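Student: just coords:
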């Protein structure tokens, strides 16, 4: 048991590294294929010799394979290069943006879970009634609304018309409200739909009848018996959703000028600021890989039938 | 004080289709009643309805009397004190009837906390005692095990321990051995009989298996298509079944002594609850059915000591034994 767990963790660590390497390589290739960064960064009228000097300075004149290997060895040492645009280390820009994205993503995640879970469970317990149907309709509306549309709609209503909430920036907690709602509502819709299905499935299980036959009240049955069983599928679902939140954050942060990872990514792509783009992608990949690892470990802890070796893979 | 439980005119409908047509049944303190019938005859529904465990769309009427109180009138908050405490229930497939995410101690402990007011170390000690009682070896260590770490038979033992935890007056065992191996079945039945003797609780054994019922029960009620068609002490029913359906059930049992004979099956199938025949539900399959059987629904009526039957023809028959032989003759002709 202990040995197999260690083996599984080792297996998973190697797999995570390979994932990271693939992402970095993909980004490197695509961005180099998209054009020469010097053309984007320097004004068109720049004399060719200065342009060439610039390219030599940033190593852009070397063969692509050499650039790639240099890049890899620096990444391995934790050095992701300096931003072309601001002369700051790319890692520092990313580190500055991460707390903002975690704040936005985290609060959206909490809000969505709170709304989604309570609506989903309510719908399941009122299965087949008008309450159930209207909650499903609301959920569908929630998750089929594109983030950019919802964000702009909220700005129009709350920032321009009512003038109660700020539309951009991150200087105060109030600035968090609109982007959080924008990011949370579609997610809440998906959570509600999933929680409803998971609850319905669990509530039909024979052990729920046993729990009721034992004399437990409705609340004790739901919290003590249904929820622990619904947790595992929900956990899997949340593991997938983390990636979707990050992609939603790219759009949301751009709309609301929220200085997080997503906005940093869009800005640096626009400016062909390769080191920063690479650093952001690497960081997002790392977040997703780590959160999935976390989900799998949590799954093994929650579900007595499942061992760490099974959730992490590489077992048997 | 241990009270008796009486079902009076219990009816149940799902979506306007009546599946239970007025069940009258009384279980005295410490008594063992067998409830037999084919699947779909309403055996389980009867007791799920009595305890309010059917889904909300089920319409239940009639009375379920326990100590002069009608369980069907009780709000759910009051009923939770009865369920598991006065009347406990165990189910067919113990593996799926136990919660896979919770330890056995937690699941038994819930009943102890709810109905006996125990907590902490007292729960652990009592849960261990119960596991010992139902014959789980190494109970102390197994307390923290999960259902998937037990075999099917052991899970049913855990279910029984859980039911006994509330010290019920009545234990309703709904096909407790159907999902188990034959060798394990006998062990579980012995365990049920043993715990019943030790605790003095009443036992209702729901089964489609006459052998199981004859092994454990004092009295048997035979159900067919949502009605009780015959009720009698177990020996009486096996020797002199009065209802043609009960006779059919007996005829499909192999006899261990006497001449070897061909086992007979009851022809036809159980009618669908949404399209019952106008008269006796069994009439279309009955070898003795007369015109009146197809028009009139027979009521349960006494035909001897503790013996009642719902059949229009059986009263016209002088003795069950004669009819039994007549049925045999017919079989030969066919």
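Tutor: Nice, thanks for sending it over. As the structure is a computational prediction, the values presented were derived from the model and not from experiment. Residues are numbered from 1 along each chain as shown, chains lettered A, B, ... in the order given.
Student: contacts, neighbours, all on C-alpha from now
Tutor: Will do.
Student: Residues of the stretch 101-250 of chain B that sit close to chain A?
Tutor: Within the stretch 101-250 of chain B, the residues that sit near chain A (CA under 8 Å from any CA of the partner chain) are B:101, B:111, B:114, B:146, B:148, B:163.
Student: State whether the fourth one and residue B:104 are indeed in contact, as I suppose.
Tutor: Yes - counting by CA atoms under 8 Å, residue B:146 touches residue B:104, with 5.8 Å between them.
Student: quick one, which of those two is more surrounded?
Tutor: Neighbours were counted for residue B:146 and for residue B:104 using other CA atoms under 10 Å in any protein chain shown; residue B:104 has more, 26 against 21.
Student: what pLDDT does the more buried one get?
Tutor: Residue B:104 carries a pLDDT score of 95 in this model.
Student: Now do the contacts for residue A:291.
Tutor: Listed by CA atoms under 8 Å, 6 or more residues apart in numbering or on different chains, the contact set of residue A:291 reads A:239, A:242.
Student: Just the buried positions in the host helix or strand of it, please.
Tutor: Under the criterion of DSSP states H and E, residue A:291 resides in helix A:274-302. Buried residues in helix A:274-302, counted by 16 or more other CA atoms under 10 Å in any protein chain shown: A:274-286, A:288-289, A:291-293, A:295-300, A:302.
Student: And stretch A:191-205, by the same measure?
Tutor: Going by neighbour count (16+ other CA under 10 Å), the buried part of stretch A:191-205 is A:191-200, A:202-203.
Student: element containing the closest residue to chain A within the stretch 201-334 of chain B?
Tutor: Nearest residue of the stretch 201-334 of chain B to chain A, counting by CA to the nearest CA: residue B:204, 15.1 Å away. Assessed by DSSP H and E, residue B:204 sits inside strand B:202-207.
Student: circling back to that earlier point, may I ask you to confirm that the residue of the stretch 201-334 of chain B closest to chain A is in contact with residue B:170?
Tutor: Yes - here residue B:204 reaches residue B:170: they are 7.4 Å apart, a contact under CA under 8 Å.
Student: So between those two, which is more surrounded?
Tutor: Counted by other CA under 10 Å, residue B:204 and residue B:170 do not tie: residue B:170 has more neighbours, with 30 against 23.
Student: Do I have it right that that one meets residue B:205?
Tutor: No - the pair residue B:170 and residue B:205 does not pass the contact test of CA under 8 Å, sitting 10.6 Å apart.
Student: hey, which helix is longest across chain B?
Tutor: Under DSSP state H, the helix in chain B containing the largest number of residues is helix B:182-199.
Student: So which elements touch it?
Tutor: Judged by 3 or more CA pairs under 8 Å, 6 or more residues apart in numbering or on different chains; DSSP states H and E, the packing partners of helix B:182-199 are helix B:152-165, helix B:210-216.
Student: still on that earlier bit, need the buried residues of stretch A:191-205 in JSON lines with distance to chain B and pLDDT, can you?
Tutor: What follows is these, written out as JSON lines (distance: CA to the nearest CA, whole Å; pLDDT from 0 to 100):
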{"residue": "A:191", "distance to chain B": "22", "pLDDT": "93"}
{"residue": "A:192", "distance to chain B": "23", "pLDDT": "94"}
{"residue": "A:193", "distance to chain B": "22", "pLDDT": "93"}
{"residue": "A:194", "distance to chain B": "20", "pLDDT": "93"}
{"residue": "A:195", "distance to chain B": "18", "pLDDT": "92"}
{"residue": "A:196", "distance to chain B": "18", "pLDDT": "93"}
{"residue": "A:197", "distance to chain B": "18", "pLDDT": "93"}
{"residue": "A:198", "distance to chain B": "15", "pLDDT": "92"}
{"residue": "A:199", "distance to chain B": "15", "pLDDT": "90"}
{"residue": "A:200", "distance to chain B": "13", "pLDDT": "91"}
{"residue": "A:202", "distance to chain B": "10", "pLDDT": "92"}
{"residue": "A:203", "distance to chain B": "11", "pLDDT": "91"}
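Student: Please flag which of the residues you listed sit within helices.
Tutor: Among these, the members found in helices (DSSP H) are A:191-200, A:202-203.
Student: Tell me the pLDDT of residue 186.
Tutor: Let's take chain A. With respect to pLDDT, residue A:186 scores 92.
Student: sorry, should have said chain B
Tutor: The per-residue pLDDT reported for residue B:186 equals 87.
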